[in-house]
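Asks: Here's my sequence, what's the structure:
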Amino acid sequence: MSRIFALLIGIDNYKSGNIWNLHSCVEDAKKMKCWLTDDLDVPKNQIRILLDSHATKQSIEDLFMEHLVNNPIIERNDAIIFYFAGHGSSLPAPAGWSHPKQATGKVNILCPYDHDTRTSHGRNAGISDRSLISLVEELIVSKGDNITVILDCCFSPTQTSANIRDRHLTRWTKTVKAVPDDLYSGLWNSARGKPLARGLFNAMAPYTLLAACPPGEKALEGKEGGKFTTAFLHAATSIPLHRTSYAGLMDQLLQSNGDSQKFVCLGKNKNRNLFDDIPFTTDIRFQPAFYSDDIVKVQFGAIHGVVQGTSLSLHMHNHRCSINPPIAHCIVTDVHPTFSFARPKSQLSSIPTTSWAKVTQWNNPCPFKVYLKSTFLSFLRMWKLLKLIPCKPRNATLGNGVRIQRVSSEDMADLSVKMASKSVFLVQNKPIISEHEDRGIEIDGMDGIQIIDDAAKFNFHLVHKNAENPFQNLVDIEIHRLDPVEWTKISPNYLQNGIAVIPHQRGALYSITLHNSSNVDMWPYLLYMDPTRFSSVLLYNPDPLCKEAPLPCHGRLDIGATKLGPEESAIALDEKNDLDFAYIKGFFSTSPVNLSSLERQSSSQWFGDMQPTSARQAAELNSRSLAWDTALVSLIFTRYPEISKNDR
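Replies: Residues are numbered from 1 along each chain as shown. A predicted model of the protein is given here:
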């Protein structure tokens, strides 16, 4: 998920009869929201939107403070966007209001829904530039300067016969009844008594301003939307944003737009990459790929689940939320423990020497079997799933590339899916270890397709193993609870016969001890897998640049203190259940390997060798001596009564 928070305003219809209504501001705000959620992976709860009558002056100011300035979820230097599409206006500056370097003597105004209407304190004179700057300054003090103000409106266009003809297309209105003194009554509190601001259009502003036009020019809209917003979204979805600055993005807009509207980019951080690179983190689905002599070497191997026939796509970079179309498609022909060789599906001369590979189809020999059941009310929701998931065993996949097959009875399925009108109910029919799992999960408000796809990938990595079992019975695992102060073991080994029954207690810490009885040194990796969320997180991921193996032959490795579970508390039990379940999957290799791609969300990065070495013989020689294996532990969390402070 992207650490971006946004407040979006779109106003077409105004309360005052003196203001000409607009046509596409509401739709522009909705398009911005879709871009943030779909392309930049921003959770919906991090975006607030006010449209038409909901976008009053009071509502905009209140939500600015609540959702942005005082939002405890926003961390310092998270990316913050304030977007406004609607009318702008201006009023003559009251005496002593304008900064001496503002030669126009005008106050620029954002027009909320109730602009120029009567209030208990006079006329609503809108949100002045002085008020908006003070709001943004409070936000900077609270959350840092990674702030983007996007304005698709204009303030005081030069009045010409062309402007009069384009009145219904211009995002500007004349303020008829409000007077300069009304600006004082509507001024934001923190702006009172402060030195005069230089106005919104300030080249050294501590925020970045993207505006539809400079003062004196007009911002136009049409059926497709505001000219500025349309150009912005077109550029943002057609260029690699991870290496694009605000100024660079604006250059792209101006090149595509010509001279019909002069877009503006101002602020001391305008040469910073867009949103300070917050959304464009490393995408762990991609691994390095090296191309030479019609052969592609990729850092995916048998330990990751790759087999002969696995399909790959090659890409120019490995950044999330930045356009990254495939430049070639390949089929794996030769699989090694930690890497593979693949051939392009067609002869291409444009494949670079180094690129990034992503699995598009795992080619798992046994499809993930799904049983679909719908009610009368949910039949339409189920219809799309019925078309996407066939009954016949062919290479049907969803976004994660795991083969999926629909079966006709529940007892044949790995996962049963029942669609309700607003939720999805899942039953995992084939537990891996424990036969006593309560396998029912109800998920509200999620797409059934995404749930099934996530479940298929989760199950694929959960059951994947080395059929040769070279380390069978040679690695032993212990799980103990730790004293939170002294970090000493205060419990017996919870793990017996592959199952650990752990009493739930909030904030508890645990240690995991690995014993290596083999004659080889090992690199261990521990993956915590939560079947209620289909999520996977690496609990232990050793530094690949370390020269010595963490788990030596006939040695041990203590890993702690560890919180078993993805939540802040040790174990997050559903209040409705007395039991909860998870897995720890161990990977053991005689050389370091990058397993970050197995995580659904990763906080680690791989710093492996990116040089396109062509020493294929040496790589094959190393792979012959490399061995790997897996181990699976089932965790059963039991309800543990809370202990009061008086009982301790």
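Asks: Do a quick rundown of the helices in the stretch 401-550 of the chain.
Replies: 448-463 (DSSP state H, counting those that start in this stretch).
Asks: next one: the stretch 151-300 of the chain
Replies: 161-165, 180-185, 227-236, 246-257.
Asks: got JSON lines for these, with distance to V307 and mean neighbour count too?
Replies: No exception for glycine: its C-beta is placed from N, CA and C like everyone else's. JSON lines is the format used below for the helices of the stretch 151-300 of the chain (distance: least, CB to CB, whole Å; neighbours: other CB atoms under 10 Å):
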{"stretch": "helix 161-165", "distance to V307": "66", "mean neighbour count": "10"}
{"stretch": "helix 180-185", "distance to V307": "70", "mean neighbour count": "16"}
{"stretch": "helix 227-236", "distance to V307": "38", "mean neighbour count": "22"}
{"stretch": "helix 246-257", "distance to V307": "42", "mean neighbour count": "17"}
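Asks: right, and those helices - which one's nearest M522?
Replies: Evaluated over the helices of the stretch 151-300 of the chain, closeness to M522 peaks at helix 227-236, with 46.2 Å, by CB to CB.
Asks: from the chain's centre, how far out does the closest one sit?
Replies: In terms of CA atoms, centre = their mean, to the nearest Å, the centre of helix 227-236 is found 22 Å from the chain centre.
Asks: And for stretch 25-44, what's in contact with it?
Replies: With CB atoms under 8 Å, 6 or more residues apart in numbering as the test, stretch 25-44 has contacts from 1-2, 4, 6, 8-12, 47, 49, 51-52, 81, 83, 85-86, 150, 152, 171, 221, 225-226, 229-230, 233, 236-237, 279, 320-321.
Asks: Would you mind checking those for buried ones?
Replies: 2, 4, 6, 8-12, 47, 49, 51-52, 81, 83, 85-86, 150, 152, 171, 221, 225-226, 229-230, 233, 236, 279, 320-321 (16 or more other CB atoms under 10 Å).
Asks: Mind checking which of those residues land in strands?
Replies: Among the buried ones among the contacts of stretch 25-44, the members found in strands (DSSP state E) are 4, 6, 8-10, 47, 49, 51, 81, 83, 85, 150, 152, 221, 225-226.
Asks: Among these, which pair sits farthest apart?
Replies: I4 and E221 (25.2 Å).
Asks: After the helix or strand of the chain with the lowest mean pLDDT, heading C-terminal, what element do we hit next?
Replies: Scoring the helices and strands of the chain by mean pLDDT, DSSP states H and E places helix 616-625 at the bottom, with a mean of 44. Scanning forward in sequence from helix 616-625 by DSSP states H and E, the next helix or strand is strand 628-638.
Asks: so where's the stretch 1-150 of the chain uncertain?
Replies: Along the stretch 1-150 of the chain, segments meeting pLDDT under 70 span 98-104.
Asks: Helices along that one, start to end?
Replies: Under DSSP H, counting those that start in this stretch, the stretch 1-150 of the chain gives helices at 25-34, 57-63, 129-143.
Asks: Take these and lay them out in TSV including distance to P326 and mean neighbour count.
Replies: Converted to TSV, the helices of the stretch 1-150 of the chain look like this (distance: least, CB to CB, whole Å; neighbours: other CB under 10 Å):
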stretch	distance to P326	mean neighbour count
helix 25-34	23	22
helix 57-63	41	17
helix 129-143	37	21
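Asks: among these, which is nearest G448?
Replies: helix 25-34 (20.5 Å).
Asks: Just the angle for that closest one relative to strand 4-10, thanks.
Replies: 170 degrees (axes from the mean of the first three to the mean of the last three CA atoms, to 10 degrees).
Asks: centre of the chain versus helix 25-34, how much separation?
Replies: Centre to centre, stretch against its chain (CA atoms, centre = their mean), the figure for helix 25-34 is 19 Å.
Asks: what do you get for stretch 29-38?
Replies: Worked out by CA atoms, centre = their mean, stretch 29-38 lies 14 Å from the chain centre.
Asks: List every C-alpha atom in it, with coordinates, as CSV.
Replies: Taking Å, rounded to 0.1, in the frame of the first residue of the first chain, the C-alpha atoms of stretch 29-38 are listed here in CSV:
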residue,chain,number,x,y,z
ALA,A,29,-12.2,14.5,-8.6
LYS,A,30,-13.6,10.9,-9.1
LYS,A,31,-11.0,10.2,-11.8
MET,A,32,-8.2,11.4,-9.4
LYS,A,33,-9.5,9.1,-6.8
CYS,A,34,-9.5,6.1,-9.2
TRP,A,35,-5.9,7.0,-10.3
LEU,A,36,-4.8,7.0,-6.7
THR,A,37,-6.5,3.7,-5.8
ASP,A,38,-5.9,1.8,-9.0
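Asks: For stretch 339-351, which residues meet the burial criterion?
Replies: So stretch 339-351, judged by 16+ other CB under 10 Å, has buried residues F339, S340, F341, A342, P344, I351.
Asks: How much space separates the third one from Q287?
Replies: What it means is F341. 13 Å (CB to CB, to the nearest Å).
Asks: quick one: common contacting residues for those two?
Replies: Common neighbours of F341 and Q287 (criterion: CB under 8 Å, 6+ apart): V298.
Asks: on that earlier part again, possible to save the buried residues of stretch 339-351 as TSV with pLDDT and secondary structure?
Replies: As requested, the buried residues of stretch 339-351 are exported to TSV (pLDDT from 0 to 100; DSSP: H, G, I helix; E, B strand; the rest coil):
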residue	pLDDT	secondary structure
F339	93	coil
S340	95	strand
F341	96	strand
A342	96	strand
P344	92	strand
I351	86	coil
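Asks: picking up where we left off before, among the ones in strands among the buried ones among the contacts of stretch 25-44, which one lies nearest to N273?
Replies: Checking those against N273 with CB to CB, the nearest one is I4 at 13.5 Å.
Asks: Any figure for the gap between S416 and K373?
Replies: On the measure of CB to CB, S416 and K373 end up 7 Å apart.
Asks: Between those two, point out the one with more neighbours.
Replies: A count of neighbours by other CB atoms under 10 Å puts S416 above the other of S416 and K373, at 22 against 13.
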